[in-house]
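[1] predicted model and sequence below, questions to follow.
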Number of protein chains: 2
Amino acid sequence: MFETRQGETLLAADPAGLRPDGHVVFIGRIVSPWVVRDECPKNMRAARETGRAASILIDEPYRPGLQNLERASHVVILSWLHHAPRNLIVQKPRHAAEPKGVFSLRSPARPNPVGLHVAKLVALDIEAGRIGIDAIDVLDGTPVIDIKPYYASVDAFPEATIAGRDEK
Amino acid sequence: MFETRQGETLLAADPAGLRPDGHVVFIGRIVSPWVVRDECPKNMRAARETGRAASILIDEPYRPGLQNLERASHVVILSWLHHAPRNLIVQKPRHAAEPKGVFSLRSPARPNPVGLHVAKLVALDIEAGRIGIDAIDVLDGTPVIDIKPYYASVDAFPEATIAGRDEK
């Protein structure tokens, strides 16, 4: 699933085996339509194009933290991509001509496997701990470590570019 | 520094003392102009308004991961706000009339203290592990856990709103 390809580089010390500098607790799980890897959209744009909504189920102790989240039209979700290897520092994506550094990629395989997803907030049931969102690009059951309101003033850079990619 | 205010709610079990579900390793540190809390800008907009640039110093083993990052005009930085308490589930920001759930706030005090910052990439020295950015809103020395390229296609929502805030 994450075989090493030509041109890739592994870290000498796998972060999965290093002494922790900090620890995370899972605050909930993503409920998504995607149960097998082949079906799972590769990014949020592809996820939206499927027209399939998703949700996040927040564990009971953390539900009071959802108060007032309905103020936000969009939310940032930080997930924990716990199945991904953490030692692939230079990677060769399947459709890329050359290997690339992990920090120039949105690959789930990274030293700290934190996924970043911006989604539209479509429903909120605080008592049930359920956040409805327009789409998600991760497998059902993926752990969540944080939810933040999206602030256009500091988070939106529509003019951002990626050279060599079809990004505006 | 993080005294409990009227209307705030603490978690029964402090995530700082819970059994870890996952662990993070620090991949570097933020080098910022801000060494005392009172000077530190409260958000990235305020940080930009100071006109003071900043940088990120990536530790040696992780520097090969910076290859090709120069493709990106903007980067997402995930920091680890290790001085913040993790058990404040409902918070009363100093200038807010009412307490609010942590997931509706960008407070550094949250169950998993991951900070999210989008910055303009202004310089990159892979050999030295230095990423120059236009601004940052955290104290000098703050640990970094991830760097991602910013993709306008999935990260930019200029139309996002926060009800009751001066957010477009």
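    Received it, and whenever you're ready, just let me know what you need. Predicted model only: the values in this text are computed from it and were never measured. Residues are numbered from 1 along each chain as shown, chains lettered A, B, ... in the order given.

[2] neighbouring strands - and their directions - for the helix or strand harbouring A:Ile56?
    Using DSSP states H and E, the element containing A:Ile56 is strand A:54-58. If you go by DSSP bridges, strand A:54-58 pairs up with strand A:28-31 (antiparallel), strand A:130-133 (antiparallel).

[3] how about the helices of chain A, start to end?
    For chain A, applying DSSP state H gives helices covering A:44-49, A:152-155.

[4] need the ones you listed in CSV with mean neighbour count, can you?
    C-beta coordinates here come from the backbone N, C-alpha and C atoms, glycine included. Below are the helices of chain A laid out as CSV (neighbours: other CB atoms under 10 Å in any protein chain shown):
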stretch, mean neighbour count
helix A:44-49, 18
helix A:152-155, 20
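
[5] what's the closest of those helices to B:Pro158?
    Minimum separation from B:Pro158 across those (CB to CB) falls at helix A:152-155, 5.4 Å.

[6] the closest one close to chain B?
    Yes. Using CB under 8 Å from any CB of the partner chain, helix A:152-155 reaches chain B at A:Ala152, A:Ser153, A:Val154, A:Asp155.

[7] so where is chain A shaky, pLDDT-wise?
    Across chain A, the ranges flagged by pLDDT under 70 are A:1-2, A:166-168.

[8] centroid-nearest residue for chain A?
    Geometric centre of chain A, nearest residue: A:Gly115, 2.6 Å, by CA atoms, centre = their mean.

[9] so that one sits against A:His83, correct?
    No. Counting by CB atoms under 8 Å, A:Gly115 does not reach A:His83; the two are 11.3 Å apart.

[10] now for the longest strand along chain A, which elements pack on it?
    If you go by DSSP state E, chain A has its longest strand at strand A:114-125. Judged by 3 or more CB pairs under 8 Å, 6 or more residues apart in numbering or on different chains; DSSP states H and E, the packing partners of strand A:114-125 are helix A:44-49, strand A:74-80, strand A:130-133, strand B:74-80, strand B:143-149, helix B:152-155.

[11] and of those, who's closest to A:Ser55?
    strand A:130-133 (5.0 Å).

[12] what is the burial count for the nearest residue to A:Asn68 once chain neighbours are set aside?
    Leaving aside its sequence neighbours, A:Asn68 sits nearest to B:Ser104 (CB to CB, 6 or more residues apart in numbering or on different chains; 3.9 Å). A count of nearby residues for B:Ser104, using other CB atoms under 10 Å in any protein chain shown, gives 23.

[13] ok, now the one 10 residues further on?
    Here the count is done by other CB under 10 Å, and B:Val114 has 23 residues near it.

[14] ditto for A:Glu159
    When neighbours are counted by other CB under 10 Å, A:Glu159 comes out with 12.

[15] ok, it touching B:Tyr150?
    No. Checked against CB under 8 Å, the pair A:Glu159 and B:Tyr150 is beyond contact range at 10.6 Å.

[16] what sits in contact with each of these two?
    The contact sets of A:Glu159 and B:Tyr150 overlap at B:Ser73 (CB atoms under 8 Å, 6 or more residues apart in numbering or on different chains).

[17] overlap in contacts of A:Gly115 and A:His83?
    A:Pro108.

[18] so for A:Ala119, which of the helices of chain A sits nearest?
    Of all the helices of chain A, helix A:44-49 comes closest under CB to CB, at 7.1 Å.

[19] that closest one near chain B at all?
    Yes. Applying CB under 8 Å from any CB, one finds helix A:44-49 in contact with chain B at A:Met44, A:Arg45.

[20] check which helices and strands that helix sits against.
    So helix A:44-49, by 3+ CB pairs under 8 Å, 6+ apart, packs with strand A:114-125, helix B:152-155.

[21] from the chain's centre, how far out does stretch A:55-75 sit?
    17 Å (CA atoms, centre = their mean, to the nearest Å).

[22] now do the buried residues in that stretch.
    A:55-58, A:61-69, A:71-75 (16 or more other CB atoms under 10 Å in any protein chain shown).

[23] hmm, back to that, got a markdown table for the helices and strands packed on helix A:44-49, with distance to A:Ala13 too?
    Formatted as a markdown table, these follow (distance: least, CB to CB, whole Å):
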| stretch | distance to A:Ala13 |
| --- | --- |
| strand A:114-125 | 19 |
| helix B:152-155 | 31 |
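
[24] just to revisit the earlier point, the longest strand of chain A to strand B:143-149, inter-axis angle?
    Put simply, strand A:114-125 runs at 90 degrees to strand B:143-149, going by axes from the mean of the first three to the mean of the last three CA atoms, to 10 degrees.
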